[in-house]
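Undergrad: Sequence and predicted structure are below.
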Amino acid sequence: MYRGGLVSLVFKKTLGLEGSNIRNLASITLMSTDVEGIVTNGTTIHDIWAAFIELPISLFMLYRQVRIPSLFILIPALLTTICGGIIAPTLGPAKVLWNGAVQERVSDTSNMLSQIKGVKMMGLTKFFLERLQEKRARELRLSVKFRWIQVYLHGLSTLSSSLTPVIVILSAIFWTRSNQGLSVAEAFTSLSIITIAAAPILHILVSMMQLFAHKDPRNLKHQSQNVPVSNSQNSAAPHPTASQDIEMGSFSETQLPSVHAIRFSNATFRIGEKKGVLRNISTDICRGTLSMVVGRVGCGKSSFLKAIIGELPLDSGTLDSEYPHAAYCDQTPWVFNATIEENIIGHSACDAQWFKTVLHSCCLDEDIESFANGAQTLVGSGGISLSGGQKQRVALARSAYIREQFVVLDDVFSGLDNKTAKTVFSRLLGRDGLLRSTGQTVILATNNVNFLSAADSIIMLESGCIVRNQVPYRAFAPSEWGVLEETIDVACETAATTTTAFNQKSATPPRRAEINTEENTREIEIKLGRQTGDIDCYKIYLKSLGWSVVIVTAILVCINAVTEKMPDIWLRLWTQQGTNNKKLSYMGGYIAFAVLMSIFGVAVIAHFLLFGIPQSANRLHSLLLRSVMNAPLHFFTSIDNGVTLNRFSQDMTLIDQVLPMNFIGTVILVAQAIAETAIIASGASYVGVVIPFGLVTVYFVQRYYLRTSRQLRFLDLELKSPLYTQFAETVAGLLTIRASGWTRATIEENYQRLNKSQKPYYTMFCIQRWLQVVLGMFSASMAVLLVSLAVLLPETTSGGAIGLALINVISFNFTLSSVIVVWTQLETSLGAIAQLKWFNRYTPNENKPEEIEMPAADWPSQGQIEFNNVVAAYSEEGEDILRGVTLNIKPGTKVGVCGRSGSGKSSLIAALSRLLQLRGSGSIRIDGVDLATVPRQDIRSRITAFPQDAFSFPGTVRHNLDPEEKVEADEVLIQALTKVAIWPSLETRGGLDAKLEDLGFSAGQLQLFCLARITLRRESSRGSGGVVVLDEATSSIDSQTDDEVRAALRSDMEGMTVVEVLHRLEIVRDYDIVVVMERGQVAETGKPNELLATPGSKFEALWNSRGL
């Protein structure tokens, strides 16, 4: 219940976060590392109150044996508590510092996984491998302070436990029993009581340590509660299950005049701490109309739409709306790892006929027909198995399917080719379009002026202010739309006139091997999660520790096991000789052995924690990271990112914190158990005969328990992955979820996943209690047997021997129980190593043995590209994506690649970057070098690439612009940003040292930023030529800014071979060659003007469909 409450609390808080805090969310770390730590420590609560009952009883019993010295048992405990009270408060801040580094690494890993295609395409695999490994090293360095504090506290505990019997026994011998001495029976009875009393003292001390480790206010409570929350009404009311502390501020549901649906009145909004993002906004949106919002990149179009759905805090003025919810489609399409059908339907009711209608309206019906599993095709994490246009249309179909009366669309046509965009627009928003015919109110932010004539009203923004308010299209001069002089009258067309535009199949094939179907997911998860014990896991972990650490640890453990029992053995010898004989000599030996016991007890833990754990954790993370970074692209379509992220989050937490303590604990306890067994056997001769049978009994109990607990542990890890996945996907689609009114349904889904995750978690606690009962009964039986043999066969033992044996029987119960529990925990926590082993074994490596040729230092100096009958697929088992592509691109040629969405344009770029698997005898050559013989990392690092989704990562502007730090002068960076017209907005907001994630860039601004990165790659290139590949580099940029930026970058591209996927065909005249793709094949190629002059050419048809 405790864990379930905390996880659900964090999730609810996530749903209420303010939009500006979404990217900095620590939900996964909070839900895993912090919650697990709190819940684990919560299990000791009952030990605390029980300890305060056990301790007085133990003191009374000890008083009867030694009188006043019985109180001295409290002296070490009080001193330890005082010293611990001084040291322990530093444990919390140290843990927070460590957890902060863990959170940063996991967040960066999640960001990298979500953009893995861009990472590979841009040749940044090595960079991210080093970056994440450095973050891992930093995380481990920060953990050293926490581990040192653990060593200090362990030293206090060890010193207390070793000196307590010394102080009490010596006080009795030299004070209360100085005349008559202390008999064997009295000495060992006192020792037994001290041993019993030590347990509650230890529980109090350990609980105090754990309390301080998780009490810091900056930890879970601070991170989950002290975060700004959204003002969106959609995230709170009308959903009673939403977080109750979400304030209502900027968005109010109001009954407006019949004609108006939304009204702004002198409204000013902010994003986070940045005020005045939108200023003095006053406008009305009429019911049942199509309003369009236009303006240049960075003018505030996306912010305006977010304000409408209540996602921006209101500083002044009012915003009233009669719509409680909206069908919102973000500029970056939100697609989660489920089937296409589930992505579209979401949490709405299923209506098969309406679903087919929506598919047709969004031109998805023919794409789906080409998939082997149709609408049941799984799209992969982030929709990685779909093209950019397909992802956009799936997100758009969701907005149409849910049938909200208010629809908000943020530049949803930017990722579509002109023909597809025209058809989708006509079917949805044309005169007879699906959304218009049902009387829905639609507001669309767009850079595509071809659609403006269909608008009932147009709002133009500039620098966060409205400069043209509710103006009809005819009121605008053509010059206001940039270089375009006329537009298509989309409003006059009907959906029926464009239904023949799509008579070709999508190039995206049915990919059973690549797409995460239920069958192969289950098969892979079984391989990853159902191991039943493996000696190789021990070998892998020992190897990661390093043999020097293993050997030194083994020696220290053996010495510690001996020295731990030496004080009791020495006391046996002393009492048998009489405690009044040679008092000082025996006292010196007794104290010396107690001190040695403390020294070696601390040395074992210190050596392992400070030297073994950091080395092992660093090596195992590196092994996992290299497996992921070397995996081919199709791996990320077949394995959910939540599963992979679980390896870096939950498994690394086990490797850092749980596995090491279980390992060293098992080793120490086994050594202690062996020593105690030997001492018990010496207590009565015949006990030694019985012990092997007892150990066999314990072995079978352990085996029975371990078989169950291991499987439960794997079930626990497996069922946590869906929680991680949902957290990550919820963050990505938070605005859509809130706008659509899906908060309640999303929380219910979280409850369902959490309930499944709770079952193995709770069952594990139950069987651990069972084990303690069984082992307690076994230890009791051993004690009864020992005493019975001593009484029945007194000649087989002595008073000192039986006393020493009974002392060890008392501790043997705890030791034996601890051995089984900790060993079992070790076996189950070794599941993280098993996961890592099988992950490494079953994750394919994209690098091939034949890829060993190292090209010249200035390659590619010319930029000649040759595709020779290229057949390619995502994987060796998948169906062909490119089918017999043959192209010859001369050095310095500018090539524009066009075609409908899913025709194979991006696949052509991916093949050039070796993201696809080539088949048959076909080849791709650059400057005569066969790419099949060159290491892929070298190919990608030598080609300047711009992926379909603008790529960025958490960090400064400087670091994002020049990740590999090849540029020394800031002036060069500033010049690059100036060329793309983005430096003026950066200069006043922190410049190159500003955090990119805090700037709130729109999609268009981010694309401009990435174009600046390309100019720097050109600056650092060694030759005069080179190859640049661009995949829809300016799809989210308005046409005027696009033209200006291209003009500024033209000199940087001089002499380079450029291959660019284009949707905006107006600029294709600037290219030397145009390539038309269709169904994964080159349908047509030639000079743009020549193809336009050829009647019936495919390029001419595309050109005419653009609407100019």
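TA: Looks like it came in fine.
Undergrad: how long is stretch 737-744 end to end?
TA: Between the opening and closing residues of stretch 737-744 there is a gap of 10 Å (Cα to Cα, to the nearest Å).
Undergrad: repeat for stretch 869-878
TA: From its first residue to its last, stretch 869-878 covers 18 Å (Cα to Cα).
Undergrad: residues making contact with it?
TA: Residues lying outside stretch 869-878 but in contact with it, judged by Cβ atoms under 8 Å, 6 or more residues apart in numbering, are 509, 511-514, 632-634, 637, 844, 879-886, 907, 911, 916-924. (Each C-beta comes from the backbone N, C-alpha and C, glycine too.)
Undergrad: which outside residues touch stretch 981-988?
TA: Residues external to stretch 981-988 that are found in contact with it (Cβ under 8 Å, 6+ apart): 298, 957, 974, 977, 992, 994, 999, 1005, 1008-1009, 1012, 1041, 1044-1045, 1048.
Undergrad: Likewise for stretch 953-964?
TA: Contact with stretch 953-964 is made by 23, 107-108, 111-112, 115, 124, 127, 952, 970, 973, 976-977, 986, 990-997, 999, 1009, 1012-1013, 1016, as judged by Cβ under 8 Å, 6+ apart.
Undergrad: In that stretch, which of the residues would be classed as buried?
TA: Of the residues in stretch 953-964, 953-954, 957-963 count as buried by neighbour count, 16 or more other Cβ atoms under 10 Å.
Undergrad: Please convert those to JSON lines, extending it with secondary structure and pLDDT.
TA: Compiled in JSON lines, these are given as follows (DSSP: H, G, I helix; E, B strand; the rest coil; pLDDT from 0 to 100):
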{"residue": "F953", "secondary structure": "coil", "pLDDT": "86"}
{"residue": "P954", "secondary structure": "coil", "pLDDT": "85"}
{"residue": "V957", "secondary structure": "helix", "pLDDT": "89"}
{"residue": "R958", "secondary structure": "helix", "pLDDT": "90"}
{"residue": "H959", "secondary structure": "helix", "pLDDT": "88"}
{"residue": "N960", "secondary structure": "helix", "pLDDT": "88"}
{"residue": "L961", "secondary structure": "helix", "pLDDT": "87"}
{"residue": "D962", "secondary structure": "coil", "pLDDT": "87"}
{"residue": "P963", "secondary structure": "coil", "pLDDT": "87"}
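Undergrad: Next one, pLDDT for the closest residue to I943 other than its chain neighbours please.
TA: Distances taken as Cβ to Cβ, 6 or more residues apart in numbering put V1027 closest to I943, at 4.9 Å, once the chain neighbours are dropped. The score at V1027 is 88. That number is its pLDDT.
Undergrad: show me the residues around V1027 that make contact.
TA: So V1027 contacts 860, 863, 865, 912, 926, 942-944, 1056-1059 (Cβ under 8 Å, 6+ apart).
Undergrad: Out of those, name the ones that lie in helices.
TA: When DSSP state H is applied, these are split such that 912, 942 fall in helices.
Undergrad: Name only those of the contacts of V1027 that count as buried.
TA: Using 16+ other Cβ under 10 Å as the burial test, the contacts of V1027 include 860, 863, 865, 912, 926, 942-944, 1056-1059 as buried.
Undergrad: which SS class is the residue lying farthest from the centre of the chain?
TA: In the chain, N179 marks the outermost C-alpha relative to the chain mean, sitting 69.8 Å out by Cα atoms, centre = their mean. Three-state assignment for N179 (DSSP: H, G, I helix; E, B strand; the rest coil): coil.
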